[in-house]
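*Asks:* Below is the sequence, then the predicted model.
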Amino acid sequence: MSKGDMDRTWLRPFLRQGLERVSAPDDLWHRVVLKSSDGSRHAPKQLVWMLAAASALTVSVVAIASNHFPPHAAVAGLSAQMEFSSNRISDVRDWVRKQTGVDLPLNSESSTPIQSVAAKICGSGAIEIRYRIGTVNALLVVSRPNLPLAEHVSAIDRNDRSAKVVAWRTGEHAYTLTSEAPEGVSAACAICHAQSTI
Amino acid sequence: MVLNENDRELIEACQRGEQEAFALLFAANKDRVYSIALRYAGERSAAMDIAQEAFLKLLSHIRQFRSDANFDTWLYRVVVNSCLDHQRRRRRLAPLLDGIVDAMCAVKNSVLHDLLREERQVAVHKVVQKLPPEQRIVIILRYMEDLSYEHIAEILGCSVGTVSSRLNRAHKVLERRLSHLRHVGGVGDV
């Protein structure tokens, strides 16, 4: 060993400690799937569907076909069937927490593009949140993970050809997000995420 | 590293487009990819962009990967190229201060009350971030991933001599800037 190498033996453990591996954040997978489903230049079409179908960890993507998605059905048309509605996400978040004890990570920032939010608690205990973002209607269902995905899908009009569904699991809950149009999934994520993080 | 039978089967399953295979491949490599990105970029948001880009590239080119090739080398190459691409796009020369804090908070076993360990880690991180990109990446591959000079050379597409030279220059800088910590506490308690 050269003198330089001997002198540096103190440096190596410093560097190894300072450059330890860390755990990747949970939302990295979500970002990879979302980016590929948005038609990333790195993701050919068949890749989109492969990722869309991958459910080994927490994420699956399903396309639902329909001839007609009732305009505003996600919010206005069905508001009579919802138990609570507001123009403020924070109100809905508070209502859900009071009803179920679950504090959903909804984005309450004043700059959110979400309009007209409505919520209800289903018989199964699932939390249903319908909202509108721009011209897109969307539905978020939050439930216990042991409920099969079909339970979530049943909350959506099965005849809708243009809807797209994303499902994932975080912590104690399973989430299912449905958007009116294929390009609407990312926009609909604004219910929880600030635009800059999508 | 030569692929074992399970790794080979997993990659072949990804190449066939099997549903769960990529999720498993992702799970097996996400920490490694993200860690390299974070130590290179110095902040969480940039590291997420780099890691996301790397996995998308991995997926889109998985069918071109030959099973007799070295998967680890290929993976490292993808991550390193994503780091360098990101650097070129953002032309960032120094990380944001809050990025350093984010990175340090993400370190496993970093407990706030262990001030000496934290001080060393923060110091190492800051000094490594100031290295030129080509020196920074060889330091990360050598000390985080424990790769040999030959493996680093293969990943970077350069000679062993070049790797040695870059490490040598980086070591001199690191020694000078970290020498004040040499006799503070025991590194042996790592």
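*Replies:* Alright, I've got the coordinates.
*Asks:* where in chain B is pLDDT low?
*Replies:* With pLDDT under 70 as the threshold, chain B has low-confidence stretches at B:1-6, B:19, B:91-115, B:183-190.
*Asks:* which residue does it bring closest to chain A?
*Replies:* Nearest residue of chain B to chain A: B:V124, at 2.6 Å (CB to the nearest CB). All C-beta atoms are positioned from the backbone trio N, CA, C, and that covers glycine.
*Asks:* and that residue, how many neighbours?
*Replies:* Here the number of neighbours of B:V124 (other CB atoms under 10 Å in any protein chain shown) works out to 25.
*Asks:* With A:A126 instead?
*Replies:* If you count neighbours by other CB under 10 Å, A:A126 ends up with 21.
*Asks:* Spatially nearest residue to A:S90, not counting backbone neighbours?
*Replies:* For A:S90, the nearest residue in space outside its immediate sequence neighbours is A:S108; the separation is 4.0 Å by CB to CB, 6 or more residues apart in numbering or on different chains.
*Asks:* Report all helices and strands that the strand or helix carrying B:L10 contacts.
*Replies:* With secondary structure defined by DSSP states H and E, B:L10 is part of helix B:5-15. With contacts defined as 3 or more CB pairs under 8 Å, 6 or more residues apart in numbering or on different chains; DSSP states H and E, the secondary structure elements packing on helix B:5-15 are helix B:21-41.
*Asks:* ok, which stretches of chain A are strands?
*Replies:* Secondary structure of chain A (DSSP state E): strands at A:60-63, A:84-86, A:114-121, A:127-133, A:136-143, A:164-170, A:173-179.
*Asks:* so which residue of chain A comes closest to chain B?
*Replies:* Of chain A, the residue with the smallest distance to chain B, taken as CB to the nearest CB, is A:G18 at 2.6 Å.
*Asks:* from memory A:P113 sits against A:R132, does it?
*Replies:* No: at 9.6 Å, A:P113 does not count as touching A:R132 under the criterion of CB atoms under 8 Å.
*Asks:* These two: which has the busier surroundings?
*Replies:* A:R132 (20 against 12).
*Asks:* Hmm, A:T112 and that one touching each other?
*Replies:* No: judged on CB under 8 Å, A:R132 makes no contact with A:T112 at a distance of 11.8 Å.
*Asks:* if I pick the residue most central in space within chain B, what's in contact with it?
*Replies:* Among the residues of chain B, the one closest to the centroid is B:I36, at 1.9 Å (CA atoms, centre = their mean). With contacts defined as CB atoms under 8 Å, 6 or more residues apart in numbering or on different chains, the neighbours of B:I36 are B:Y76, B:V79, B:V80, B:C83, B:I140, B:L141, B:M144, B:E145.
*Asks:* Quick check on these: which are buried?
*Replies:* Burial by neighbour count, 16 or more other CB atoms under 10 Å in any protein chain shown: within those this picks out B:Y76, B:V79, B:V80, B:C83, B:I140, B:L141, B:M144, B:E145.
*Asks:* where's the third one, which helix or strand?
*Replies:* Secondary structure assignment for B:V80, by DSSP H and E: helix B:71-90.
*Asks:* re the thing from before, neighbours around the residue nearest to A:S90, how many?
*Replies:* Applying other CB under 10 Å, we find 14 other residues in the vicinity of A:S108.
*Asks:* give the contact list for it.
*Replies:* Contacts for A:S108 (CB under 8 Å, 6+ apart) come out as A:R88, A:I89, A:S90, A:R93.
*Asks:* Excluding chain neighbours, give the residue nearest to the last one in space.
*Replies:* This means A:R93. Closest residue in space to A:R93, ignoring its immediate chain neighbours: A:L106 at 4.6 Å, by CB to CB, 6+ apart.
*Asks:* Surely the one you found is in contact with A:C189?
*Replies:* No: the pair formed by A:L106 and A:C189 falls short of the contact definition of CB under 8 Å, at 11.5 Å.
*Asks:* Touching both of these two, which residues are there?
*Replies:* Shared between the contact lists of A:L106 and A:C189 (criterion: CB under 8 Å, 6+ apart) there are no residues.
*Asks:* Counting neighbours, what do you get for A:N87?
*Replies:* The criterion is other CB under 10 Å. On that basis, A:N87 has 10 neighbouring residues.
*Asks:* OK, contacts around it?
*Replies:* By CB under 8 Å, 6+ apart, the contact list for A:N87 reads A:Q115, A:S116, A:V117.
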